[in-house]
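Q: mind looking at a prediction? Sequence and model below.
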Amino acid sequence: MQGFVEMTGYRPFTTFWQDFTIAEHFGEKAIKETFNRAFKEWKSDYEYLTELVMILNWKMWYFYDIEQKNLSILYQELFEKSNEWALNNLKGDELSYYLQTTD
């Protein structure tokens with residue numbers, strides 16, 4: 001996790017990064033299942049949702065940088081889905097937190 005903190009400047013409070021990293025070893029289906037579980041469980045918690053969106057964004061760019069387009073595209077799709085949900089459903093202070101943290 002130390003390398004992640006150095007790479008992003010952010011110290012996560014969830015296990016989303018590790019969860020997706022494990023899923024990657026089992027392929028795209030496992031990544032989608034991990035996302036579906038996490039999104040269903042945590043979309044109602046704006047702080048966890050915010051971190052999920054950030055992790056998906058970092059994963060998207062990580063795989064883009066190492067030229068693994070299929071995983072970059074998958075993470076982009078998952079990022080867009082969760083980001084859109086957040087923008088359409090969070091209100092007030094929760095939306096402000098989301099926008100400030102993901103900026």
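A: Arrived safely, thanks for sending.
Q: so where's this protein shaky on pLDDT?
A: Scanning the chain for pLDDT under 70 picks out 1-4.
Q: strands of this protein, residue ranges please.
A: Assigned by DSSP state E, the chain shows no strands.
Q: most distant residue from the middle of it?
A: Computed with CA atoms, centre = their mean, the residue of the chain farthest from its C-alpha average is residue 92, at 21.8 Å.
Q: return the residues in contact with the residue nearest to residue 8 when sequence neighbours are not counted.
A: Counting by CB to CB, 6 or more residues apart in numbering, residue 58 is the residue found nearest to residue 8 once chain neighbours are left out, at 6.1 Å. C-beta coordinates here come from the backbone N, C-alpha and C atoms, glycine included. Contacts for residue 58 (CB atoms under 8 Å, 6 or more residues apart in numbering) come out as 7-8, 17.
Q: mind checking which of the residues you listed are buried?
A: Buried members of those, counted by 16 or more other CB atoms under 10 Å: residue 17.
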